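Peer 1: this one's sequence-less:
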């Protein structure tokens, strides 16, 4: 999922909605910038559900994805 829409970008750039001549290029730009932004942050801002196997080190738990919003279940192996 991208962080903006084609319509929003076209509006910001002052491109008429009816002008579709650059839609493909702008769509690729949105996807590329979204991926680069996620890479820079090391995670996506979109809420996702992950299944993780955690390792504990004393009082610390190591997770692969941040931020952790909630934990649904914990199982001791």
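Peer 2: Everything's here; your move. What you see is a predicted model; the values in this text were computed from it and never measured.
Peer 1: need the residues that contact the longest helix anywhere in the chain.
Peer 2: Across the chain, the longest stretch assigned as helix under DSSP state H is helix 23-41. With contact meaning Cβ atoms under 8 Å, 6 or more residues apart in numbering, helix 23-41 is reached by 1, 2, 3, 4, 5, 6, 9, 10, 44, 45. Glycine gets a C-beta too; all of them are placed from N, C-alpha and C.
Peer 1: what residues of that helix count as buried?
Peer 2: Within helix 23-41, the residues that count as buried by 16 or more other Cβ atoms under 10 Å are 26, 30, 34.
Peer 1: need the residues you listed in JSON lines with pLDDT, can you?
Peer 2: Conversion of the buried residues of helix 23-41 to JSON lines gives the following (pLDDT from 0 to 100):
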{"residue": "26", "pLDDT": "97"}
{"residue": "30", "pLDDT": "96"}
{"residue": "34", "pLDDT": "91"}
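Peer 1: can you put the residues you listed in TSV and add distance to residue 64?
Peer 2: Shown next, in TSV, are the buried residues of helix 23-41 (distance: Cβ to Cβ, whole Å):
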residue	distance to residue 64
26	33
30	26
34	20
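Peer 1: and the residue nearest the centre of the chain?
Peer 2: Nearest to the mean C-alpha position of the chain, by Cα atoms, centre = their mean, lies residue 44 at 2.9 Å.
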